[in-house]
Structure formats: C-alpha cells, structure tokens
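**Q** Following is a predicted model, sequence given first.
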Amino acid sequence: GLPIVAIVGRPNVGKSTLVNRLTGLTDAIVHDAPGVTRDRTYRPAFWEDREFLVVDTGGLVFDDDSEFLPHIRQQVMSALSEASLAILVVDGQTGPTPADREVAQWLRKNETPILLAVNKCESPEQGLTLSTQFWELGMGQPYPVSGIHGSGTGELLDEVITYL
Ligand code: GDP
Ligand code: MG
C-alpha cells in the first residue's frame, strides 16, 4: 500500500490545519487501502513524484497537558506501527511543554522515525527563533512551519519523502 505518515501531538498545536495544508486542502479520504484502519482518517498527499497517506491522530487526545494515559499511548502505538514516518507537531508560540517532553521521550523509544514540526511559525525569522527552543526534545532538527500560511511546509515535505 501507500506509505503512511502519522501526525502526532497534543491538542491545539495545529495538527488538523497542518494536515489540510500537507494534503492540499482536498477533502478526499481514503477508506480502503492496505494498512488503512477504520477508526482513523487518511488523506492522500503528493510531493515531488511521491504519493502517501497522512493520518491525523487527532483522536489521540491527552487528558490534560501533563498526562499521557496508557490507553492513549496504545492508540498512538497502533498508528505508529503502520506508519513509515511520524511527524510530532508542537506549538512554536507556546514553546516546549511538559506534555511535549513526555511524548517526545516516549516517541524516541519507538522504532518509527520522527520528524519534529514546530507549527505557528509565521515568518522565517520568527521560525528560526521559535524552533530553536525545541532542540531540547532530542528529536533532531526542528522544522519551523505554519499550517495557516504554508511557510516551511516545502522544506518539511522534502525531508518527509526521504523516509518513504
Ligand atoms: P489540533 O487540535 O492540533 O488539530 O489543532 P487545530 O488545527 O485545530 O488548530 C488549533 C488552533 O491553532 C486553531 O485556532 C488554529 O487556527 C490555530 N493554528 C493552526 N495552525 C496555525 C498556524 O500556523 N499559526 C497560527 N498562528 N495558528 C495556527
Ligand atoms: Mg485536530
């Protein structure tokens, strides 16, 4: 089947907005393909000559900003196990939170490769400053993006397709 990219992160960091941006605002949802699971929403995405599916793990909600509960962890694990790559989305304007640190620590132990997207970085100058704070998550280079404005998403997608 098509490679799957899973979008992970706490609520309100802009996962849904970023997914819309990465999938070109199409409403298409893939219901039937190898690896596709009924309780998640898959959207087709294209970059360069590659096609892949983006799954928004929007239902994988943390109870509050500091707890990553076992049953939620299980759901994230399931989404990750089918994915070629995960993108951890964080909020550049709030900076790293305890929940970001906890999820990052957990994701690092997982076998699925992870890219770190620092959302809400509306300008390149701001993006550099805001994204630098996220090196501490230990997920490698933070990619500044803006789901709303679309800035930085080309650089992120260039990196994404190297994992597919
Ligand atoms: P989700 O809960 O992670 O799926 O986040 P949403 O996509 O629903 O977005 C949460 C809030 O962040 C909404 O109010 C969005 O308008 C806002 N948001 C999303 N992307 C951006 C962005 O690139 N810049 C700014 N400033 N706000 C954003
Ligand atoms: Mg959402």
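**A** Nice, thanks for sending it over. Numbers count the residues shown, from 1 in each chain. Ligands and ions are numbered 1, 2, ... in the order given.
**Q** Low-confidence ranges, the protein, go.
**A** 25-28, 31-39, 58-69, 72 (pLDDT under 70).
**Q** ranges for the strands of it?
**A** Along the chain, the segments classed as strands by DSSP state E run 4-8, 41-47, 50-56, 85-91, 114-119, 142-144.
**Q** between those strands, which one is nearest to ligand 2?
**A** Within the strands of the chain, the stretch nearest ligand 2 is strand 50-56; the backing value is 6.2 Å (CB to the ion). The way it works is simple: take the backbone N, C-alpha and C, and place the C-beta from them, glycine included.
**Q** so what's His149 up against?
**A** Each residue near His149 by CB atoms under 8 Å, 6 or more residues apart in numbering is listed here: Glu122.
**Q** Okay, it and Leu107: tell me how far apart.
**A** Distance, His149 to Leu107, using CB to CB, to the nearest Å: 26 Å.
**Q** and this protein, which residues reach ligand 1?
**A** 9, 11-17, 58, 119-120, 122, 146-148 (CB under 6 Å from any ligand atom).
**Q** Take the strands of the chain and write them to JSON lines, including mean neighbour count.
**A** Below are the strands of the chain laid out as JSON lines (neighbours: other CB atoms under 10 Å):
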{"stretch": "strand 4-8", "mean neighbour count": "25"}
{"stretch": "strand 41-47", "mean neighbour count": "19"}
{"stretch": "strand 50-56", "mean neighbour count": "21"}
{"stretch": "strand 85-91", "mean neighbour count": "24"}
{"stretch": "strand 114-119", "mean neighbour count": "25"}
{"stretch": "strand 142-144", "mean neighbour count": "25"}
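**Q** re the thing from before, could you flag which of the residues of the chain next to ligand 1 are buried?
**A** Gly9, Val13, Gly14, Lys15, Ser16, Thr17, Asn119, Lys120, Glu122, Ser146, Gly147 (16 or more other CB atoms under 10 Å).
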